[in-house]
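>>> here are the coordinates; sequence isn't available:
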């Protein structure tokens with residue numbers, strides 16, 4: 001009698017399930033670029049957690065999300081969105097800015113310890 005599924009198939013299903021569960025557990029934060037400003041320009045995320053940032057550029061011109069402290073830079077074309085993953089991070093402040101409008105497009109992500 002043949003098994004319904006092989007060991008390889010079972011292993012593949014478990015890997016896919018694990019991948020899905022990890023992605024489902026990633027917190028999502030949204031940032032909007034409008035009039036060469038970030039909204040919100042300051043927000044908090046939990047320490048020790050990988051976070052997904054979805055950045056919407058509502059301007060017609062491109063902007064770059066950049067942070068030396070986060071070691072990230074991503075160009076977001078006008079009227080488009082981009083995804084940037086950050087973390088897990090230690091508690092602290094992590095500034096970011098728009099490379100193309102550096103005088104106006106600035107913000108800070110504050111990473112805070114979560115008390116359990």
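Cool, got the structure. From a predicted model like this one, the values you see are computed outputs, not experimental measurements. Numbering: from 1, shown residues only.
>>> how distant is stretch 33-47 from the center of its chain?
A distance of 12 Å separates the centroid of the chain from that of stretch 33-47, by C-alpha atoms, centre = their mean, to the nearest Å.
>>> and the strand or helix carrying residue 84, which strands flank it?
Taking DSSP states H and E as the criterion, residue 84 maps to strand 80-86. Paired with strand 80-86 in the same sheet, following DSSP bridges, are strand 51-57 (antiparallel).
>>> contact partners of the partner strand?
Strand 51-57 is touched from outside by 26-33, 45, 63, 65, 74, 76-87, with contacts defined as C-beta atoms under 8 Å, 6 or more residues apart in numbering. Where you see a C-beta, it was placed from the backbone N, CA and C, and this is true even at glycine.
>>> Buried among these? Need that as a selection in ChimeraX.
The ChimeraX command for the buried members of the contacts of strand 51-57 (criterion: 16 or more other C-beta atoms under 10 Å) is given here:
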select :29,31,33,45,63,65,76,82,84,86,87
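>>> And the next helix or strand past the strand holding residue 84?
Moving on from strand 80-86 towards the C-terminus, the next helix or strand you reach (DSSP H and E) is strand 92-98.
>>> Tell me how far that next one lies from the chain's centre.
For strand 92-98, the distance between its averaged C-alpha position and the chain's averaged C-alpha position is 13 Å (C-alpha atoms, centre = their mean).
>>> and if you look at stretch 92-101?
Chain-centre distance of stretch 92-101: 14 Å, with C-alpha atoms, centre = their mean.
>>> got the buried residues for it?
Result for stretch 92-101 [16+ other C-beta under 10 Å]: buried residues 94, 96-98, 101.
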